[in-house]
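> Predicted structure and sequence below. I'll ask about it afterward.
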Amino acid sequence: MLARSYLRASTSEQDASRARGALEAFAKERGLRIAGRYVENESGAKLHRPELFRLLDDCEPGDVLLVEQVDRLSRLTAPDWLKLRAEIDAKQVRIIALDLPTSWTLAAPPDEFTGRMFAAVNSMMLDVLAAVARKDYEDRRRRQAEGTARAKAAGLYKGRPENKPRNAAIAAMLKDGRSWQQVIDATGCSRTLLTKITRSLKPKPEEGAA
């Protein structure tokens with residue numbers, strides 16, 4: 001059975017490939033063959049994630065989408081989660097998450113009846129954990145906003161410091177003609193950051209020009 005591992009981190013400062021070893025050990029233990037590894041630094045709260053949808057495009061019916069935790073797959077709102085689930089269901093992809101033991105049986109389903117029962121239970125648990133992941137995301141955002149507001153009120157807020165060496169390296173790669181995907185693969189940066197740096201490289205109109 002083929003598996004495709006999905007590794008995601010929210011920001012370019014985080015290591016999206018951190019869980020690769022755990023996923024590959026799990027796959028080896030259960031006789032799954034890793035057919036592809038899809039890595040990106042994008043927020044799980046966004047539905048637009050190019051590598052996730054490239055993974056789904058590459059899948060054949062019955063393939064496994066392997067993740068470390070359900071929140072690596074989704075911190076989406078309910079409507080966006082339903083859209084993603086519809087895409088996954090249409091491709092007949094099985095989701096196995098290391099933090100969801102009910103999903104492990106999908107690596108080697110038993111007879112049809114038992115397999116369908118486990119699939120139904122797993123589907124329900126996925127929905128529950130996706131909802132929990134979204135609530136956790138919203139709670140953290142609220143706490144961060146409250147902390148920022150208190151820091152601003154006290155005159156202590158400085159914002160996130162810029163990673164100047166990394167951004168300079170990204171700018172150099174872009175000037176050298178590297179594609180966005182090559183830069184992402186090399187640095188693990190997000191498309192949002194790439195957009196910002198690309199804009200900064202565009203020549204500014206001269207002052208007073210007509």
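Perfect, thanks for sending it. Numbering: from 1, shown residues only.
> Walking through the protein, point out its helices one by one.
20-29, 50-58, 70-73, 78-90, 112-153, 164-175, 180-187, 191-201 (DSSP state H).
> what separates the fifth one from the chain centre, distance-wise?
I take that to be helix 112-153. 14 Å (Cα atoms, centre = their mean, to the nearest Å).
> likewise the third one?
Relative to its parent chain, helix 70-73 has a centroid offset of 7 Å by Cα atoms, centre = their mean.
> likewise stretch 47-64?
12 Å.
> returning to that earlier point: out of the helices of the chain, deepest packed?
helix 70-73 (a mean of 22; mean count of other Cβ atoms under 10 Å). No exception for glycine: its C-beta is placed from N, CA and C like everyone else's.
> Which elements pack onto it?
strand 2-9, strand 94-97, helix 112-153 (3 or more Cβ pairs under 8 Å, 6 or more residues apart in numbering; DSSP states H and E).
> Next, format the ones you listed as CSV and append mean pLDDT.
CSV is the format used below for those (pLDDT from 0 to 100):
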stretch, mean pLDDT
strand 2-9, 94
strand 94-97, 93
helix 112-153, 84
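> Adding distance to Arg20, write those out as TSV.
Below are the helices and strands packed on helix 70-73 laid out as TSV (distance: least, Cβ to Cβ, whole Å):
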stretch	distance to Arg20
strand 2-9	6
strand 94-97	15
helix 112-153	21
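> so which of the helices of the chain gets nearest Asp99?
helix 70-73 (6.5 Å; Cβ to Cβ).
> And the chain, what are its domain boundaries?
According to automatic domain parsing, the chain comprises the domains 2-134, 164-201.
> of those domains, which approaches Lys152 most closely?
Nearest of these (Cβ to Cβ): domain 2-134, 21.6 Å.
> Show me the one of the helices and strands packed on helix 70-73 that comes nearest Leu52.
Of the helices and strands packed on helix 70-73, nearest to Leu52 by Cβ to Cβ is strand 2-9, at 6.1 Å.
> Name the surrounding residues that touch that closest one.
15-20, 23-24, 27, 32-42, 44, 49, 51-52, 55, 58-60, 63-68, 72-73, 96, 188 (Cβ atoms under 8 Å, 6 or more residues apart in numbering).
> Now distance to Leu156 too, for the domains of the chain, in CSV please.
As requested, those are exported to CSV (distance: least, Cβ to Cβ, whole Å):
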stretch, distance to Leu156
domain 2-134, 22
domain 164-201, 22
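> The ones you listed: which one's closest to Arg141?
Judging the domains of the chain by Cβ to Cβ, what sits closest to Arg141 is domain 2-134, at 8.6 Å.
> buried subset of the contacts of strand 2-9?
Buried by 16 or more other Cβ atoms under 10 Å: 16, 19-20, 23-24, 27, 32, 34-35, 37-42, 44, 49, 51-52, 55, 59, 63-68, 72-73, 96, 188, out of the contacts of strand 2-9.
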